[in-house]
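Undergrad: model this:
(one chain, ligands or ions: 1)
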Amino acid sequence: MKRTSVGLVALMLLLLSVGLQARDLYLGVLDWRDAPDGLESWQPTLDALQQGLSGYQLHLQMLDLSALQQALAVGQLDFVITNPGHYVELSRDYPLAPLATLLNPLFDPPHQAVGSVVLVRRDAAIHGWQDLRQRRVAAVSPQAFGGYQLIRDQLEQRGLNAEQHIGEWLFTGYPMEQLLLLLQSGEVDAVVLRSCLPETLIAEGRLDADWWRVLEPQKVDGYPCQLSSDLYPDWPFLSVGIQPPDLLRQVVVALLQTHSEQGLPEWSAPLSYQPVHTLFARLRLGPYAGFSGHSLLALIHTYRYFLLFLVILFVAGLAHYLRVQVLIRRRTAELQLAMQQSRERQQELTHLSRFSLMGELATGLAHELNQPLTAIVNYAQGSQRLLQKLPADAIQQQLHDAARHMAAQGERAAEIIRHLRGFLRKEVPQSEWLDPDQVFCEAIELMEGRLRQTEVKVDWQLCGALPLIQVSRVELLQVLINLLANAVDAMTQLTAARRTLLLSSRLTAEGNIQLDVEDHGEGLNMEVQQRLFEPFFTTKASGMGLGLSLCLNLIEQMGGQLFLFNREMEGCCARIQWPADAFAGMKREDGEHKND
Ligand code: ADP
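TA: Take a look at the predicted model:
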């Protein structure tokens, strides 16, 4: 009885301990070849693990990509063995920790284990990546690491976008071997395989090596398989979520104790999967599919048309703004100029109205002066006649001369006034043959009072033998007096000793007649030179600014030219010039003045 109860207790304890320790653990393995021996090939690993685990019952499940993902989603799995790309992709959504990395039994170092190879038919005209443009290419899945993603990276590194530049992608799903049938039958132009698959299939006698070749073969010293891509670490063994530390320790120890000599897949301590992260960031895959994973260049590339549009919009806006600014400045300047001109016109009009008033006053004055002047001339002539009758002596002679001068000056004054009236009435002035030197002298005589008053001396250098010219005496006098008055005005600031006018006349070698009025004043500055002949342009406080514009008109009507220019040393020279042939066609009737 006692022995029976002890046995029962022992059995219960055994059952309890078995019940306590036999926790089920599920290991999901990515079934990439979908081969019937898939499960078998992992069985040694499973056995080795199971041996190293006490109190756990390990179950192996071969799952394809989506099934593996679903199992994770429902929390079915405790451990996972999958390809590096799938691991990085899953790590976005699940807490996965690599416990070990599978070793390639044929090749060291462990971080160069997984690659990709592209096969084309031996006779195909495809020799480089660029030849894949517009071709049909087959792969198992866009999520296959060695079976697709590594080749997509190779294409992008050569400026080829897998979606845009390849004619068509055919994703067949696993098993990978079926791609070779598509290639052989000509249904596709190229296939993407995980590296070493062709070699394995050849070794298994399931693939002939004579009808295909590798596209863009890469050389990695010692790597036993043909390659078209870079190499990455092999598959990781991952723990899912938070596992008890004791379990993790047992799993890791069991994995690290596997040896390839025993025919087992061998595991090493976990390697860094950073190169795979970098690759996914380049390809904008997995955790890097969103904005956060995009590099600036990738963003710019993605939104290039929008950015281009923004840049064009900005440039157009800037151009419009600058154009508006330029237009505003130009219009403002034009407006200011117009206002300035309008102010000047206003002043000119004021001047003009004063000038026309002055004309009316002068007409009236001339009319009024005409009668007294005629009377003075008549009286002077009468006195002259009476004086002739007196006995001739010195006094009589002097009185007679005085009366003659009086009559002559009175006549000249009357004549000037007559011409002035004619000028103001716009009558056509009478031209006559004149000696220019004589008119010069007359002008000086008329200016005598002003010259004396301003203490200006006059130096003469007259030619004395100039050809006669046919002009209006009064008009020529008017011009000369104007030039003389300007010359006198220009010297008011000088000391009396320097106030000298030089009057000269000459016949040039070309036969031109020249009359010069030169002064020692300040001369003409740039602005004055440009605006000299503009009506109403003056630099004098009491000036009208009409003198020179009038003189120019008159001289041009007389067939001559008028220049004002700076003298070499100082002062200004006003020059009237008639060309040799100016009066050639005119008939000379007044023989009295002929001096040639
Ligand atoms: P106004 O004598 O009433 O000013 P003008 O038409 O005769 O009008 O002269 C215009 C301007 O030309 C003068 O205001 C003066 O600035 C300049 N000018 C004319 N002659 C001389 C001269 N000999 N020396 C310096 N400036 C002169």
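Undergrad: quick one: stretch 62-81 to chain centroid distance?
TA: 59 Å (C-alpha atoms, centre = their mean, to the nearest Å).
Undergrad: Buried ones in that stretch, by neighbour count?
TA: Neighbour-count burial for stretch 62-81, counted by 16 or more other C-beta atoms under 10 Å, picks out 62-65, 68-69, 71-72, 77-81. No exception for glycine: its C-beta is placed from N, CA and C like everyone else's.
Undergrad: what helix or strand is the residue in the stretch 51-200 of the chain positioned nearest to the ligand on?
TA: Nearest residue of the stretch 51-200 of the chain to the ligand (C-beta to the nearest ligand atom) works out as Gly159 at 76.5 Å. Remark: Gly159 resides in no helix or strand, with elements defined by DSSP states H and E.
Undergrad: Contact partners for it?
TA: If a contact means C-beta atoms under 8 Å, 6 or more residues apart in numbering, then Gly159 has no contacts.
Undergrad: Could you check how far it is from Leu25?
TA: 47 Å (C-beta to C-beta, to the nearest Å).
Undergrad: ok, which stretches of the stretch 201-350 of the chain are strands?
TA: 212-214, 236-240, 267-268 (DSSP state E, counting those that start in this stretch).
Undergrad: for the stretch 1-150 of the chain, same thing?
TA: 23-30, 56-63, 79-81, 96-102, 116-121, 136-139.
Undergrad: Show me the one of those strands that comes nearest Glu415.
TA: With distances scored as C-beta to C-beta, the stretch of the strands of the stretch 1-150 of the chain nearest to Glu415 is strand 136-139 (116.0 Å).
Undergrad: could you dump that closest one to PDB, C-alpha only?
TA: Included here for strand 136-139 are C-alpha records, laid out as PDB according to Å, rounded to 0.1, in the frame of the first residue of the first chain:
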ATOM      1  CA  ARG A 136      11.100  40.100 -69.900                       C
ATOM      2  CA  VAL A 137      12.800  39.000 -66.700                       C
ATOM      3  CA  ALA A 138      11.500  36.400 -64.200                       C
ATOM      4  CA  ALA A 139      12.100  36.100 -60.500                       C
END
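Undergrad: by contact count, what packs against that strand?
TA: Judged by 3 or more C-beta pairs under 8 Å, 6 or more residues apart in numbering; DSSP states H and E, strand 136-139 is in contact with strand 168-171, helix 178-185, strand 190-194.
Undergrad: buried sites along stretch 161-177?
TA: Buried residues in stretch 161-177 (16+ other C-beta under 10 Å): Ala162, His165, Ile166, Trp169, Thr172, Tyr174, Pro175, Met176, Glu177.
Undergrad: Could I get those in JSON lines, plus columns for pLDDT and distance to Asp131?
TA: Output for these, formatted as JSON lines (pLDDT from 0 to 100; distance: C-beta to C-beta, whole Å):
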{"residue": "Ala162", "pLDDT": "87", "distance to Asp131": "15"}
{"residue": "His165", "pLDDT": "89", "distance to Asp131": "11"}
{"residue": "Ile166", "pLDDT": "92", "distance to Asp131": "11"}
{"residue": "Trp169", "pLDDT": "94", "distance to Asp131": "16"}
{"residue": "Thr172", "pLDDT": "91", "distance to Asp131": "22"}
{"residue": "Tyr174", "pLDDT": "79", "distance to Asp131": "27"}
{"residue": "Pro175", "pLDDT": "82", "distance to Asp131": "27"}
{"residue": "Met176", "pLDDT": "86", "distance to Asp131": "23"}
{"residue": "Glu177", "pLDDT": "88", "distance to Asp131": "25"}
